[in-house]
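Engineer: any chance you could fold what I've pasted below:
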Amino acid sequence: MAKGKAPVIILFIFLLAVSALAAFCFMKLQEEKATNQQLTEQVSQLETKKRELDKQVTDLRAKMEDLQAQRDQQQAKLKELQSTLTSVQSELESEQKSKQDAFSQAESAKKELASLKTTKAGLEAELKTTKETLSGIQEKLTALEKSHAAAPSAPEELRAKAQDLQLEKIVVTPSEASGQKNAAPGQGKVLAVNKEYDFVVVNLGQKDNISVSDMLEVFRNSKKICELKVEEVKDTMSVATPVSKESIRQIKEDDMVIRKTG
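Structural biologist: Okay, the predicted model is just below:
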């Protein structure tokens, strides 16, 4: 009887152990399922967060690209403004230089105007003096003309004596060595020399076919001294100026004057 119960007890213990093992495995399985579910939820949450982060990254990249585009626009605008500023500064410097040049020109013009006014005043004074001198000379010329015009009415012996005296003062040039006693046509002498205003008076005039701008030659002792240009012509005399102003110092009264031909 005792031997018959032993296998049953062993079987019971075996079944009890199997049941315990099955219960343990079931419990472990349930724990694994719970753990897997938790992990699945965590993975789902992580994926959700990852998607959110990806979206944030995408948004940030788009925003960064937009900011870069704005930065490029600002840089281009800044470069354009710098170019405009450089151009304006250049124009301003050019305008300032133009103003300075204009101011300098104005100052120079003022100085020149003042100088011209001074020169004008001096020239007017000199012109007035010259007119007064010329008026006096014209009066003398008129008196000399009257004197020469009255000469033919003088007694014959006085005219002959005057002619002899005049011939003594005339120097005969080699071309006049023919022995003529009377002066050749176009030949005369210096009556007066004005060294202050550089002119001479000669006794050749309209009656000798002398005209304004005619050229005369001055001789002394057969030596040519200078040339004269006729400036004013009267009936019996003329006013002439030396071609070279320095020559006025060499001319003397009674120097022979010949009309230049050719």
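Engineer: now the helices for the stretch 1-150 of the chain?
Structural biologist: For the stretch 1-150 of the chain, the helices defined by DSSP state H, counting those that start in this stretch occupy 2-150.
Engineer: angles on the backbone of residue 221, please.
Structural biologist: phi 50, psi 50 (degrees, to the nearest 10).
Engineer: what is the burial count for it?
Structural biologist: 9 (other C-beta atoms under 10 Å). Where you see a C-beta, it was placed from the backbone N, CA and C, and this is true even at glycine.
Engineer: could you measure from it over to residue 246?
Structural biologist: According to C-beta to C-beta, to the nearest Å, residue 221 and residue 246 sit 20 Å apart.
Engineer: ok, residue 47 next?
Structural biologist: To residue 246, residue 47 is 121 Å away according to C-beta to C-beta.
Engineer: now do residue 100
Structural biologist: Applying C-beta to C-beta to residue 100 and residue 246 gives a distance of 46 Å.
Engineer: kindly report the same for residue 36.
Structural biologist: 135 Å.
Engineer: again with residue 207
Structural biologist: Taking C-beta to C-beta, one finds residue 207 at 31 Å from residue 246.
Engineer: for residue 191, same thing?
Structural biologist: Relative to residue 246, and taking C-beta to C-beta, residue 191 is found at 21 Å.
Engineer: which one's more surrounded, those two?
Structural biologist: residue 191 (19 against 9).
Engineer: now do the contacts for the more buried one.
Structural biologist: 144, 200-203, 237, 253 (C-beta atoms under 8 Å, 6 or more residues apart in numbering).
Engineer: recalculate using a threshold of 7 Å.
Structural biologist: 144, 201-203, 237, 253 (C-beta atoms under 7 Å, 6 or more residues apart in numbering).
Engineer: in the helix or strand hosting it, what's buried?
Structural biologist: Assigned by DSSP states H and E, residue 191 belongs to strand 187-194. Residues 187-193 are the ones in strand 187-194 that count as buried (16 or more other C-beta atoms under 10 Å).
Engineer: which stretches of the chain have low pLDDT?
Structural biologist: By pLDDT under 70, the weakly predicted segments of the chain are 1-4, 118, 122, 125-134, 136-137, 140, 142-185, 262.
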